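*Asks:* One predicted model, sequence on top.
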Amino acid sequence: MPSFAPHRVLAPLLLTLAASAAQAQGARPLLTPFSTAIAGPPPSPWRVVGIPGGKIALGTFTLTPVDGSTVLQLEADKSYGNVVHALPPDAVSNRPRLNWRWRLDTPVANADLRTRKGDDSALKVCLLFDMPLDKLGLVERNLLRVARAVSGENLPSATLCYVWDPALPAGTLLNNAYSARVRLIVVAGAGQPLMQWQTQSRDVAADFQKAFGEESSTLPPLSAVLVGADSDNTGGHSLGFIGDVVLTP
């Protein structure tokens, strides 16, 4: 007889209760839940975003029932992609919390977030901040302006990503291999079991200070949240799942 695993039952329940509490107080959840949607593409206003120009294949993001709840399946096959949820101005306070649960079934083989060649992640949850450009150095400020012009997107001036990476220890903090405007925190790391749901709860302001504290002593406005998966640099394959992402103001 299989053993009873309380965390598998309680994790989705607690996240659902957090969203329900916001509704009970007359407020809609800041992030549209995956669990309340039907199978298919992510529910609006979540939108799938890839590399401009389609130069890199787009990952697959599909709502699917797993363990009795609708979750988002993220599959990357030599591909890149994010699912982005924009937020209204001043949506959160100075001490927001971010909660979610996720499951990694197939990690990206040969991924190494410390190098450009290995800069792939099977599961990530990122926060996009609108930090004033005068907080940035001159070189980074100009590079960001060029990147915004080329992409046609209002790219964030600071991005904090929580990643599941089997190769690095949990708690590792590092810059993205391509841009210091993106900082990574490994929250599920080496030794974390695969094919099991894990629940995360993060103090956003505290994590931002760890990652960008030398640039800003306060939490900038949060413009969007994204979940994503990519395997374009290694040419590998990955499969993961993520449940409701709950942002508590």
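*Replies:* Done, it's in.

*Asks:* Which residue comes closest to residue 197 once chain neighbours are left out?
*Replies:* Ranked by CB to CB, 6 or more residues apart in numbering and with sequence neighbours excluded, the top spatial neighbour of residue 197 is residue 103, at 4.8 Å. (Glycine included, C-beta is placed from N, CA and C.)

*Asks:* what does residue 62 give?
*Replies:* The shortest distance from residue 62 to any residue other than its chain neighbours is 5.0 Å, reached at residue 73 (CB to CB, 6+ apart).

*Asks:* could you measure that neighbour against residue 222, distance?
*Replies:* Separation of residue 73 from residue 222 (CB to CB, to the nearest Å) stands at 26 Å.

*Asks:* Which one's more surrounded, the two?
*Replies:* Shown here are residue 73 and residue 222; by other CB atoms under 10 Å, residue 222 has more neighbours (24 against 19).

*Asks:* quick one: the strands in the chain?
*Replies:* Read by DSSP state E, the chain holds these strands, from start to end of the chain: 47-49, 60-66, 69-77, 80-86, 97-106, 121-129, 158-164, 173-175, 182-188, 198-203, 222-230, 237-242, 246-248.

*Asks:* hang on, the earlier thing: the residue nearest to residue 197 is in contact with residue 199, isn't it?
*Replies:* No. No contact is recorded between residue 103 and residue 199 when judged using CB atoms under 8 Å, the distance being 10.4 Å.

*Asks:* Counting neighbours, go ahead and name the busier of those two.
*Replies:* When neighbours are counted by other CB under 10 Å, residue 103 and residue 199 differ, and residue 103 comes out ahead with 23 against 16.

*Asks:* Show the contacting residues for the more buried one.
*Replies:* Residue 103 is in contact with 66, 195-198, 240-242, counting by CB atoms under 8 Å, 6 or more residues apart in numbering.

*Asks:* Chain neighbours aside, what residue packs nearest to residue 74?
*Replies:* Leaving out its chain neighbours, residue 74 is closest to residue 229 (CB to CB, 6+ apart), at 4.1 Å.

*Asks:* Columns mean pLDDT and distance to residue 215 on top of the strands of the chain, output as a markdown table?
*Replies:* Below are these laid out as a markdown table (pLDDT from 0 to 100; distance: least, CB to CB, whole Å):
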| stretch | mean pLDDT | distance to residue 215 |
| --- | --- | --- |
| strand 47-49 | 96 | 25 |
| strand 60-66 | 97 | 31 |
| strand 69-77 | 97 | 30 |
| strand 80-86 | 97 | 23 |
| strand 97-106 | 98 | 20 |
| strand 121-129 | 97 | 10 |
| strand 158-164 | 96 | 7 |
| strand 173-175 | 97 | 12 |
| strand 182-188 | 97 | 10 |
| strand 198-203 | 98 | 19 |
| strand 222-230 | 96 | 16 |
| strand 237-242 | 98 | 29 |
| strand 246-248 | 94 | 22 |
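
*Asks:* Residue 32 is nearest to which of the ones you listed?
*Replies:* When the strands of the chain are compared for distance to residue 32 using CB to CB, the nearest one is strand 80-86, at 6.8 Å.

*Asks:* And for residue 220, the neighbour number?
*Replies:* A count of nearby residues for residue 220, using other CB under 10 Å, gives 18.

*Asks:* how near is it to residue 163?
*Replies:* Going from residue 220 to residue 163 by CB to CB gives 21 Å.
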